[in-house]
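Undergrad: Show me how the following folds:
(one chain, ligands or ions: 1)
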Amino acid sequence: MARYALLSRRLLASRPCMRNARTFATASDQPQQRASSDYRVKLVEVGPRDGLQNEKRAIPLATKLELIERLAKTGLTTIEAGSFVSPKWVPQMDNSSEILQHLLQHPPAAPNPLTFSFLAPNLKGLNNAFTILSQHPTAFTSAGATPTKEKPALEIAVFASATESFSQRNLNCDIATSLTRFREVIQAAKDAQPHALRVRAYVSVVLGCPFEGYDVDPHRVAHVATELLEMGADEIALGDTTGMGTAPRTKELLNCLAKAGVRNEDVAMHFHDTYGQALVNTAVALEHGIRTFDCSVGGLGGCPYSPGATGNVATEDVVYFMETLGMDTGVNLDGVVDVGDWITREIGKENASTVGKAVLGARKRAEGDKEKA
Ligand SMILES: CC(C)(COP(=O)([O-])OP(=O)([O-])OC[C@H]1O[C@@H](n2cnc3c(N)ncnc32)[C@H](O)[C@@H]1OP(=O)([O-])[O-])[C@@H](O)C(=O)NCCC(=O)NCCSC(=O)C[C@@](C)(O)CC(=O)[O-]
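TA: Have a look, this model is predicted:
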């Protein structure tokens, strides 16, 4: 890890990405899977965490729980439900312990088994999660096991940065220090008793930084990602935190990661739609072979430490987009449209989903036609 921190940005930029596929802690001997799974897309709903973390008004615990319960009914299988960060830094996430507790005691009714994900930036955050988990040791499945409707799976997410400026603003430390902390978090999550936890690792500002601009070095992203995989992270989520990503730069980034040995099945894309490019970039990533995409119902979201960044790409828009391409998300479009309509009204935000608004408008017109007839 230290070698990445010590190399100058210039040196990194001039280095070609590694040509030979590297072996990471999580790599298996299986060849990249194609065939029918090629049409299956996994959507990770981040609305309850990324979608709400930036809201200034306190959102009641009951609203957050109802949001998760409503989302669970739509066919979504992975829901980012909270964040064990410092409440001084992100006050909105302060009731994440209660959320985790509730989800373990009362797993939401859902058509599919669920995985819940929680952010943890350090051991303190992870230990806060462990305090709740230790009270319900049999209420969730282990990392490798298949979750059931009665026993959800749990995942911890760490979040690194591709630029030093964003790392300082978001985590109050440089990238090297954050990676040292994440190594401890990942190790502790893997060693957890009675169950190991799955670990997702974000790399933020991969296609543009609010403080350093568009020119984020893809080689730097690849280095941070490979470090996290070598530590044992199960998945890398590439965050276009600012929504500054474009189609050619998304392609360049993914090619760079592939050359560094990062497998498509270990990558998730996390697009924000600030410049309206999220679906175009999604298409590029899909074409590249990525099959996991983050999204937020109603297009809620924004990072408190990324000024000007707006919401995540809307779940409704991604579901519609994937379906028009013949991809299978397993998510009920009408169901997520209803949730987006409900939560945006509930918290007094504009519904940022284009598809959500179109479907709601079409329904209204159909009702009007029915009344006239
Ligand atoms: C990492 C720290 C804590 C360092 O912040 P720090 O101030 O350097 O931490 P510290 O270790 O000096 O501790 C300061 C105080 O915080 C407490 N503390 C320390 N850690 C925790 C914890 N885990 N949970 C609860 N409390 C904690 C600690 O106990 C102490 O309390 P005090 O003694 O003053 O009463 C802080 O910078 C932080 O919480 N940052 C999180 C910022 C954040 O949540 N950002 C949004 C999520 S990232 C994101 O949205 C991007 C993403 C993931 O969506 C992808 C993308 O779009 O790119």
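Undergrad: so what's the residue in the chain that the ligand sits nearest to bridging to?
TA: The nearest approach of the chain to the ligand comes at Gly239, 2.3 Å away (C-beta to the nearest ligand atom). Bear in mind the C-beta positions are built from the backbone N, C-alpha and C, glycine included. Gly239 forms beta bridges with His270, as assigned by DSSP bridges.
Undergrad: In this structure Val267 contacts Asp294, no?
TA: No. The pair Val267 / Asp294 is not scored as a contact, 11.3 Å apart, by C-beta atoms under 8 Å.
Undergrad: before we move on, the earlier item: residues near the residue of the chain closest to the ligand, how many?
TA: Other residues lying near Gly239 total 29 when counted by other C-beta atoms under 10 Å.
Undergrad: That one and Val203 touch, don't they?
TA: Yes. Contact between Gly239 and Val203 holds when scored by C-beta under 8 Å: they sit 6.4 Å apart.
Undergrad: Need the residues touching each of the two.
TA: In terms of C-beta atoms under 8 Å, 6 or more residues apart in numbering, Gly239 and Val203 are both contacted by the residues Phe159.
Undergrad: Up against the ligand, what does the stretch 1-150 of the chain have?
TA: By the rule C-beta under 6 Å from any ligand atom, the part of the stretch 1-150 of the chain lying against the ligand is 50, 53, 83-86, 88-90, 121-122, 124-125, 128.
Undergrad: Swap in 5 Å and give it another go.
TA: Neighbours of the ligand within the stretch 1-150 of the chain, by C-beta under 5 Å from any ligand atom: Asp50, Val85, Ser86, Trp89, Val90, Pro121, Lys124, Gly125.
Undergrad: Pull the most distant pair out of the residues you listed.
TA: Asp50 and Lys124 (20.9 Å; C-beta to C-beta).
Undergrad: Please identify which of these two sits among more neighbours.
TA: Neighbour totals were compared for Asp50 and Lys124, and Asp50 leads with 27 against 13 (other C-beta under 10 Å).
Undergrad: quick revisit: return the members of the residues of the stretch 1-150 of the chain next to the ligand classed as buried.
TA: Asp50, Val85, Val90, Pro121, Gly125 (16 or more other C-beta atoms under 10 Å).
Undergrad: Any chance of TSV for the residues you listed, columns pLDDT?
TA: What follows is those, written out as TSV (pLDDT from 0 to 100):
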residue	pLDDT
Asp50	95
Val85	98
Val90	95
Pro121	98
Gly125	98
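Undergrad: any residues in contact with both of Val267 and Asp294?
TA: Common neighbours of Val267 and Asp294 (C-beta under 8 Å, 6+ apart) are Ala237.
Undergrad: Using the three-state scheme, assign Glu80.
TA: Secondary structure, DSSP: H, G, I helix; E, B strand; the rest coil: Glu80 is strand.
Undergrad: give me the beta-bridge partners of it?
TA: For Glu80, the beta-bridge partners under DSSP bridges are Ser117.
Undergrad: ok, Asn170 - contacts?
TA: Counting by C-beta under 8 Å, 6+ apart, Asn170 touches Phe159, Ser161, Ser204, Cys303, Tyr305.
Undergrad: gap between the first one and Gly208?
TA: Here Phe159 is placed at a distance of 16 Å from Gly208 (C-beta to C-beta, to the nearest Å).
Undergrad: Can you show me the strands along the stretch 201-350 of the chain?
TA: Assigned strands in the stretch 201-350 of the chain, in chain order: 235-240, 267-271, 292-295 (criterion: DSSP state E, counting those that start in this stretch).
Undergrad: got JSON lines for those strands, with mean pLDDT too?
TA: Output for the strands of the stretch 201-350 of the chain, formatted as JSON lines (pLDDT from 0 to 100):
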{"stretch": "strand 235-240", "mean pLDDT": "98"}
{"stretch": "strand 267-271", "mean pLDDT": "98"}
{"stretch": "strand 292-295", "mean pLDDT": "98"}
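Undergrad: Kindly reformat those strands as JSON lines containing distance to Ala373.
TA: As requested, the strands of the stretch 201-350 of the chain are exported to JSON lines (distance: least, C-beta to C-beta, whole Å):
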{"stretch": "strand 235-240", "distance to Ala373": "46"}
{"stretch": "strand 267-271", "distance to Ala373": "42"}
{"stretch": "strand 292-295", "distance to Ala373": "37"}
